[in-house]
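Asker: sequence-free structure coming up:
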C-alpha cells in the first residue's frame, strides 16, 4: 500500500479503502487522527498500524471522527455476539475535504 501511495502525485486527494482488520480505540493521544467516536476503548495492533500510517501521511480515520449510533459503527457481529468489527471507513486527507 505504501509503495502505491508514494507513486500518487502529491497534489491528488487520496482515499484508502479496504479491510484493515483494525480496531480503532478511543485513546486521547490519537484523537487528532481518529476522532473520539470509536466503538472500541483500545486500538489493536492493526489499529495502531493504521493510525501510524495515517499520521505519517497526514490523513485521518473518518469513521471515528463522526458520531453515529453504535449499531451503525459495526460491519458485522459474530454468532456469539461478543466480537464485532468496525474498520469500514477509509482514512481521508483532511477533515475539511469531507
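Answerer: That came in fine, so what should we check first? Just so you know, these numbers come straight off a predicted model, no measurement behind them. Numbers count the residues shown, from 1 in each chain.
Asker: quick one: contacts for residue 37?
Answerer: 64-68, 73 (Cβ atoms under 8 Å, 6 or more residues apart in numbering). C-beta here means a position set from N, CA and C on the backbone, and glycine is covered the same way.
Asker: Could you rerun that using 6 Å?
Answerer: 64, 67 (Cβ atoms under 6 Å, 6 or more residues apart in numbering).
Asker: Please read off the pLDDT at it from the model.
Answerer: Residue 37 carries a pLDDT score of 82 in this model.
Asker: same thing with the one 4 residues further on?
Answerer: Predicted confidence (pLDDT) at residue 41: the value is 87.
Asker: Quick check: the gap between it and residue 27.
Answerer: Plainly put, residue 41 is 8 Å away from residue 27 if you go by Cβ to Cβ, to the nearest Å.
Asker: ditto for residue 57
Answerer: 19 Å.
Asker: what residue is smack in the middle of this structure?
Answerer: The residue lying closest to the centre of the chain (Cα atoms, centre = their mean) is residue 61, at 3.6 Å.
Asker: picking that back up, and residue 41 and residue 27? Which one has more around it.
Answerer: residue 27 (17 against 9; other Cβ atoms under 10 Å).
Asker: quick one: contacts for the residue nearest to that one when sequence neighbours are not counted?
Answerer: Excluding its sequence neighbours, the residue lying closest to residue 27 (Cβ to Cβ, 6 or more residues apart in numbering) is residue 43, at 6.4 Å. By Cβ under 6 Å, 6+ apart, the residues touching residue 43 are 23-25.
Asker: again, only using 10 Å
Answerer: 22-27, 30, 34, 49-51, 64 (Cβ atoms under 10 Å, 6 or more residues apart in numbering).
Asker: does it sit in a helix, a strand or a coil?
Answerer: coil (DSSP: H, G, I helix; E, B strand; the rest coil).
Asker: Residue 46: helix or strand, and which one exactly?
Answerer: Counting by DSSP states H and E, the element that carries residue 46 is helix 45-56.
Asker: for the record, mean pLDDT for that helix?
Answerer: 90.
Asker: ok, now stretch 19-28?
Answerer: 85.
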